[in-house]
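Visitor: generate a structure from the sequence data that follows.
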Amino acid sequence: MPDLTLDDDRATGAWVAPLVSTFLTLPACVLVYFVGGFSAMACDSCAGPEADRFESSFGVAFPLLLGGLGLALFLLAASWALPWERGSTARRVGFAFAAPVLVVGVYVVFRVLVEWP
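Guide: Numbers count the residues shown, from 1 in each chain. Have a look, this model is predicted:
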């Protein structure tokens, strides 16, 4: 007969960090994706070398932005997928914290990389 008095190793409130991160990361990802996508029109009226500089820098920065947003979503999913045990609490909170921070960081890098008109 199994011993029912063993201490349960499940972490109470393990869902809090991923939930808060979800409420921050998903809207931020959507907002940054649309701002990044619409910023391609910033140089619609540009011509010559200014347009060439903008397009070449945007061609590097936008895929980097998409990759960073994908990584942020992966970190968010990892924070939900980790085992709900006390031993995984630090990793879960770390992944949950890193996801929205990465979205902001990737957007800042995007803004720096693009040569705006």
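
Visitor: now do the nearest residue to Val93 once chain neighbours are set aside against Arg91, distance only.
Guide: Take Val93 and drop its neighbours on the chain: the residue closest to it by Cβ to Cβ, 6 or more residues apart in numbering is Ala17, 4.6 Å away. Every C-beta, even on glycine, is put in place using the N, C-alpha and C of the backbone. For Ala17, the distance to Arg91 (Cβ to Cβ, to the nearest Å) stands at 10 Å.

Visitor: more neighbours, those two?
Guide: Ala17 (18 against 13; other Cβ atoms under 10 Å).

Visitor: please, which helix or strand holds the more buried one?
Guide: helix 16-38 (DSSP states H and E).

Visitor: does His14 touch Trp84 like I think?
Guide: Careful, residue 14 is Ala and not His. Yes - Ala14 is within contact range of Trp84, at 4.7 Å (criterion: Cβ atoms under 8 Å).

Visitor: before I go, just wanted to say thanks for your time.
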